[in-house]
Structure formats: C-alpha cells, structure tokens
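Participant: Could you work out the structure for the sequence below:
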Amino acid sequence: MRVLSIKSLQKEFEYDYYMYIPLTIILNSCIGSIAAMTILAQGTSLTSGIELTLCVSLCMGYNAALLAGSNKKIAFWMLAVSLIANMMLILITLL
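Facilitator: From the prediction side, this is the model:
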C-alpha cells in the first residue's frame, strides 16, 4: 500500500510535471470558480470583496507561475496553497 505524503506528492508532481499542468489548471480554476460563486452568493460587502480578491489572486498566481515557467517546487506549493485556501473559503461561506 502506498502512503500519501507531501514529499511523495511533490515528487510525483515534479516527475510528471507536463502532464499535471493542464489537469491542475482545470482543477484550480474549477475550485476557484466555485469559491467565487459561493462568496458572491452571500452578497456584496467588504469581507466578501476581500475573500473574492484572495480567491482570484491565488488562482491567477498559480496560473501565472506556470506561464512564467517558475520552479516546479514553487509551482507545487502555489497549487497546494491555492487549493487549500479556496476549499477553506468554500467551507467558510457555506457554514
């Protein structure tokens, strides 16, 4: 049985980097758009604006890192931070 750890996930991401680029762009964009939809469903306020700015910045930051050809390790961590933050925003806004 294979154990999932951050190191093994990062190694897998770096090994099949070019395969994961389109998959993670689609995944990150879908999670980010769901987060944006749930944030905007609450209405407009200062906190909603801050949450929406955070959501969009993280998604665009990951896409920009890939387009800029940044280090694979940096791209992996930007993906992880973006996915975790957007899922947390979804949970916060739905509760």
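
Participant: Any stretches of this structure with poor pLDDT?
Facilitator: Within the chain, the set of residues satisfying pLDDT under 70 comprises 1.

Participant: which stretches of it form helices?
Facilitator: For the chain, the helices defined by DSSP state H cover 6-15, 17-41, 46-68, 72-94.

Participant: Kindly present those as CSV, with separate columns for mean neighbour count.
Facilitator: In short, each C-beta sits where N, CA and C put it, glycine included. Below are the helices of the chain laid out as CSV (neighbours: other C-beta atoms under 10 Å):
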stretch, mean neighbour count
helix 6-15, 13
helix 17-41, 16
helix 46-68, 16
helix 72-94, 17
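
Participant: give me phi/psi at Ser70?
Facilitator: As for Ser70, its main-chain torsions (degrees, to the nearest 10) stand at phi -70, psi 170.

Participant: again, but for Ser5
Facilitator: Here the main-chain torsion angles of Ser5 (degrees, to the nearest 10) amount to phi -140, psi 170.

Participant: number of nearby residues for it?
Facilitator: 9 (other C-beta atoms under 10 Å).

Participant: Let the chain start at 629 from now.
Facilitator: Sounds good: first residue 629 from here, last item Ser633.

Participant: residue contacts, it?
Facilitator: The contact partners of Ser633, by C-beta atoms under 8 Å, 6 or more residues apart in numbering, come to none.

Participant: Much appreciated, bye for now.
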